[in-house]
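> Take this sequence and fold it.
(4 chains)
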Number of protein chains: 4
Amino acid sequence: MKEGEKILLYGKREFLVEYRPGEEVHTHLGKIILKEGLEYGDLLRSSTGAEFVVLKPSLADLMKDVRRKTTIIYPKDAGVMLLEAGVESGSTVGEAGTGSGALTLLLSRIVGREGKVISFEARKEFIDLALENLRQSPFQNYEIIHRDVVKDGFGEFRFDALFIDLPEPWEAVSRAREAILPGGAWVSLSPNMEQMKKTALTLREEGFLRIRSFEILRREMVVRSFGVRPKEVMHSHTGYITVARRGK
Amino acid sequence: MKEGEKILLYGKREFLVEYRPGEEVHTHLGKIILKEGLEYGDLLRSSTGAEFVVLKPSLADLMKDVRRKTTIIYPKDAGVMLLEAGVESGSTVGEAGTGSGALTLLLSRIVGREGKVISFEARKEFIDLALENLRQSPFQNYEIIHRDVVKDGFGEFRFDALFIDLPEPWEAVSRAREAILPGGAWVSLSPNMEQMKKTALTLREEGFLRIRSFEILRREMVVRSFGVRPKEVMHSHTGYITVARRGK
Amino acid sequence: MKEGEKILLYGKREFLVEYRPGEEVHTHLGKIILKEGLEYGDLLRSSTGAEFVVLKPSLADLMKDVRRKTTIIYPKDAGVMLLEAGVESGSTVGEAGTGSGALTLLLSRIVGREGKVISFEARKEFIDLALENLRQSPFQNYEIIHRDVVKDGFGEFRFDALFIDLPEPWEAVSRAREAILPGGAWVSLSPNMEQMKKTALTLREEGFLRIRSFEILRREMVVRSFGVRPKEVMHSHTGYITVARRGK
Amino acid sequence: MKEGEKILLYGKREFLVEYRPGEEVHTHLGKIILKEGLEYGDLLRSSTGAEFVVLKPSLADLMKDVRRKTTIIYPKDAGVMLLEAGVESGSTVGEAGTGSGALTLLLSRIVGREGKVISFEARKEFIDLALENLRQSPFQNYEIIHRDVVKDGFGEFRFDALFIDLPEPWEAVSRAREAILPGGAWVSLSPNMEQMKKTALTLREEGFLRIRSFEILRREMVVRSFGVRPKEVMHSHTGYITVARRGK
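As a prediction, this is how the structure comes out:
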């Protein structure tokens, strides 16, 4: 476990904190000392006696944690987006709209040492935040570029897959067409039906293929020995995902 | 594009075929010649005049294609399973129940050159099929071991995450407990509620933490300029996913 | 059981037929003789030996049966529409768009002897079909009027609740405003999001209150002693329901 | 509008109150005077200036309002239950488990003057509460009987449809078999999968036909001129409905 790495303290409540050997974490369940040589699975006890197990945060946890000022991408959506876009170890992927870097971090950790993530952000104030969040990637495979891609395009970059996280994704379609490799994937996510519609129709006009829009619902179950049922309240909507492929 | 690699011919219908330069593909829409030096985005015309664009299959496509004699894992489920389990470039993951190798292939392509996938299969007759399907991975990072893990355990292997694709996942819990690294993840998928329940309760008994069961629904949208709506028919159930973490 | 009444023959397959004492029903499972004095619960055997139990069709069955040339309203939607609209025994309800009379029949059987259903249909060719389907109501509490309500309005009629089954419901909003009693309910159903949106926004502009749009999903379960799970395929979308109330 | 009738005061918030001419209603938005001769659609102003329109509560509103100490039946479920059970004006229906009378009230208002609702409740303390709630029915067509139907059965009563609202519905199956008319309907609702399963399997053992279990989801939409989407949070689970028919 390296200094600065995020760790998950799992007990009655969960805390995702940076590991600073010897430092204290203050929670409403008491102070927790992060001893030197901490290992995953270790049991810590807070000053009030509450117990916490040290876990490695999953990609899902890290994404939820990312300090955000922008809309968030949920693991239920991000997972299928990766697979539909064919992102894998070694891929070269682009992102328009870095935001707080949640998806950038995920992409960085998936494409790995031989992959590359180029993320574009028009709003300068987000870039520092994203770079800080990206310190949770073990790979130096990412770059954040300060540029408005709708106006200025993606330059010489060419991507296996391009993730669009802009409020008006359709504005980026013709720019994206140049930057996605033949056969490569477009992926965007929009909360409203009208945005999704306009995006899908623009993709069709610009000659994209295999255009699909869908949403993903995650239904948590309550499991007890005396009875199983879906949870009564569900986060039912995050956004509509649109995926498409560039032809030649 | 390498010989033997799967390519997707996209037109009125889709065909996923192996690329054999110079060979013909016979479809009900006519013969299609796979010329030498084929590139993604190329347009091919069949003997009946039908047009096809050559696309690179996504991980989602490859998973669906895997010749299977076993239950299948869908991209909607596989994506969130990866993220919840923290699988990324470089991870060491285990799998109990190789089956036709669909998930093995996905894991291999995600963990990449620096990762490792060890998959266990008790039924000898599946191993050849899985190995053939695994030829679609560009990485030599996998191993299939002929072993009944419920009876004989995982030996000296230790995993960041372990995927259980057995009809009775609960039988593998105590074996899994030894093989998952502290803080590492258990992931299983079962079609029936009773299987999911027994799995989750057994995980609790054996001291696993942060146990969650859920299902993922994917709702396709129909997008036309004159009207947007969800598709009328939906594949509504594949299985219940259970994820958990090992403590110390 | 009266002559001409619909009965449900329930066996390996279901047949909804009119009861004609002494007549034969021809099915691909053989001929079934509908003997005189037939009673609910009776067991009939076809000429090929297939067994059928005679059941009374529910309102849900009758609605599905209605010979239709128009879009259909499903029981899952109709039930909540009734309740949200406050339809009960004795209500006076209107309907714009009789179509094949499926909803008219339901309304007639719910409002009963002391209630009233006035249904408007602009397309003359539907009226005979609807009247034939309405013979399955035991009540003479309905009237079908040949009129285009968008052009010509609802005249002197005043309704506790008004059901709009027109392709462009928003065109009927100002007419409906006159015909719904103060505090009464508007209910419409549209397959596409755009229709629902335009309807809801027009209702707001015209001063309607408590406007809500929603959709209803029905998830069938597969129940076997060895395992319970949702059915794999689901009819996931019929339409968006919009309900609203007239103020003064 | 009659004294004692429930009316809905609709403004920024909603209040469902009994109409007592001349009396005041105290809310956190101020006092509202219920003037004599109040009519639906009237606009009232509270002492703090908040505006409220007087609406007639729908059956859905009345059900939600019923003062309850028991589990609740939601309109989304109740509507389809009525239709699947064939309840209409004039039906004779039974109910095991009156509880606070929410479903009893709905049934009373649907079956009307020529119908009949017989509801059984084993716990004496619920009966007064239910009778008070039932004052919102305009019909004197109901009876609440203090009896444990699992132990003592339904006596001489015979029903077109029987609604079971007991924690262990399967215990009532053989009693119900005697009390449901041939061809008539069983309807029950249970929160947990195990209850639903045991109920459905017991119905099958006891010779019931056409047994179906399902759940109903209601997805609220957010409609604004600039964007339509499903609501982010959804009440995703109430219970599993089981319907079945008695043969002879």
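> Chain C versus the residue nearest the centre of chain A, what's the distance?
In chain A, the C-alpha nearest the mean C-alpha coordinate belongs to A:Leu103, at 2.6 Å (C-alpha atoms, centre = their mean). A:Leu103 is 27 Å from chain C, where distance means C-beta to the nearest C-beta, to the nearest Å. C-beta here means a position set from N, CA and C on the backbone, and glycine is covered the same way.
> Tell me, how many residues neighbour the residue nearest to that residue when sequence neighbours are not counted?
Among residues not flanking A:Leu103 along the chain, A:Ile73 sits closest, at 5.1 Å (C-beta to C-beta, 6 or more residues apart in numbering or on different chains). Applying other C-beta atoms under 10 Å in any protein chain shown, we find 23 other residues in the vicinity of A:Ile73.
> Name the SS class of A:Ile73, please.
Here A:Ile73 takes the coil state, with states given by DSSP: H, G, I helix; E, B strand; the rest coil.
> Tell me who's in contact with it.
A:Ile73 makes contact with A:Met63, A:Met81, A:Ala102, A:Leu103, A:Asp165, A:Leu189, A:Thr238 under the criterion C-beta atoms under 8 Å, 6 or more residues apart in numbering or on different chains.
> Do you know the pLDDT at it?
Looking at A:Ile73, its pLDDT is 85.
> Can you give the distance from the longest helix anywhere in chain A to the centre of its chain?
Counting residues, the longest helix found in chain A (DSSP state H) is helix A:193-205. Put simply, helix A:193-205 sits 23 Å off its chain's centre (C-alpha atoms, centre = their mean, to the nearest Å).
> Which other helices and strands does that helix contact?
The contact analysis (3 or more C-beta pairs under 8 Å, 6 or more residues apart in numbering or on different chains; DSSP states H and E) places helix A:193-205 against helix A:173-179, strand A:180-190, strand A:209-224, strand A:240-245, strand B:209-224, strand B:227-230, strand D:227-230.
> So which of those has the densest surroundings on average?
strand A:240-245 (a mean of 26; mean count of other C-beta atoms under 10 Å in any protein chain shown).
> for that one, packing partners?
Contacts defined by 3+ C-beta pairs under 8 Å, 6+ apart place strand A:240-245 against helix A:75-85, strand A:180-190, helix A:193-205, strand A:209-224.
> circling back: what does the longest helix of chain A rub up against?
By C-beta under 8 Å, 6+ apart, the surrounding residues in contact with helix A:193-205 are A:167-170, A:173, A:186, A:188, A:190, A:211, A:213, A:240, A:242, A:244, B:221, B:223, B:225, B:228, C:193, D:226-229.
> Can you pull the residues of chain A lying near chain C?
Neighbours of chain C within chain A, by C-beta under 8 Å from any C-beta of the partner chain: A:Met193.
> Let me see the domain layout of chain A.
Chain A breaks down by automatic domain parsing into domains covering A:6-55, A:60-245.
> Which pLDDT value goes with the nearest residue to A:Arg212 once chain neighbours are set aside?
Spatially, and ignoring its direct neighbours in sequence, A:Arg212 is nearest to A:Val243 (5.4 Å; C-beta to C-beta, 6+ apart). pLDDT for A:Val243: 95.
> hey, what's A:Val243 bridged with?
On the basis of DSSP bridges, A:Val243 is bridged to A:Val187, A:Arg212.
> From chain D, how far out is the residue nearest to the centre of chain A?
From A:Leu103 to chain D the distance is 19 Å (C-beta to the nearest C-beta).
> can you give me the mean pLDDT across the helix or strand that contains that residue?
Applying DSSP states H and E as the criterion places A:Leu103 in helix A:102-111. Summarised as a single mean, pLDDT over helix A:102-111 is 95.
> What of stretch A:38-47?
For stretch A:38-47, the mean pLDDT works out to 92.
> go on, stretch A:50-59?
89.
> how far does it sit from the chain's center?
Distance of stretch A:50-59 from its chain centroid, counting by C-alpha atoms, centre = their mean, is 20 Å.
> Just confirm yes or no for it near chain B.
Yes - using C-beta under 8 Å from any C-beta, stretch A:50-59 comes into contact with chain B via A:Val53, A:Val54, A:Leu55, A:Lys56, A:Pro57, A:Ser58, A:Leu59.
> which of these tops the neighbour count?
A:Leu55 (26 neighbours).
> Next, the distance between the ends of stretch A:18-27.
14 Å (C-alpha to C-alpha, to the nearest Å).
> That one near chain B anywhere?
No - applying C-beta under 8 Å from any C-beta, one finds stretch A:18-27 separated from chain B by no less than 12.6 Å.
> Name the residues of that stretch that are buried.
A:Tyr19, A:Val25, A:Thr27 (16 or more other C-beta atoms under 10 Å in any protein chain shown).
> Find the residue closest to the last one in space, skipping its chain neighbours.
Nearest residue to A:Thr27 in three dimensions, chain neighbours excluded: A:Phe15, at 5.8 Å (C-beta to C-beta, 6+ apart).
> Check which helix or strand A:His237 maps to.
Element membership of A:His237 [criterion: DSSP H and E] is none; it lies in no helix or strand.
> Save the buried residues of stretch A:18-27 as TSV, and put in distance to A:Ser91, pLDDT and secondary structure too.
As requested, the buried residues of stretch A:18-27 are arranged in TSV below (distance: C-beta to C-beta, whole Å; pLDDT from 0 to 100; DSSP: H, G, I helix; E, B strand; the rest coil):
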residue	distance to A:Ser91	pLDDT	secondary structure
A:Tyr19	29	94	coil
A:Val25	36	93	strand
A:Thr27	38	91	strand
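> out of these, which one sits closest to chain B?
A:Tyr19 (12.6 Å; C-beta to the nearest C-beta).
> For the closest one, which residues are in contact?
With C-beta under 8 Å, 6+ apart, A:Tyr19 has these contacts: A:Met1, A:Lys2, A:Glu3, A:Gly4, A:Glu5, A:Lys6, A:Ile7, A:Leu34, A:Leu38.
> what do you get for A:Glu206?
Per C-beta under 8 Å, 6+ apart, neighbours of A:Glu206: A:Val173, A:Ser174, A:Arg177.
> tell me which of the residues you listed is nearest to chain D?
For the contacts of A:Glu206, the nearest to chain D is A:Val173 (19.4 Å; C-beta to the nearest C-beta).
> and that closest one, how far is that from chain B?
14 Å.
> what do you get for A:Val66?
Using C-beta to the nearest C-beta, A:Val66 is found at 13 Å from chain B.
> Next, work out how far apart the closest residue to chain C within chain A and B:Met221 are.
Closest residue of chain A to chain C, C-beta to the nearest C-beta: A:Met193 (5.0 Å). For A:Met193, the distance to B:Met221 (C-beta to C-beta, to the nearest Å) stands at 8 Å.
> chain center to the one helix or strand in chain A whose mean pLDDT sits lowest: distance?
Every helix and strand in chain A was compared by mean pLDDT, DSSP states H and E; the lowest is helix A:59-65, with a mean of 81. On the basis of C-alpha atoms, centre = their mean, helix A:59-65 is displaced by 7 Å from the centre of the chain it belongs to.
> Contacts for that helix next, please.
For helix A:59-65, contacts defined as C-beta under 8 Å, 6+ apart pick out A:6, A:8, A:16, A:57, A:72-75, A:78, A:102-103, A:105-106, A:109-110, A:136, B:80, B:82-84, B:86-88.
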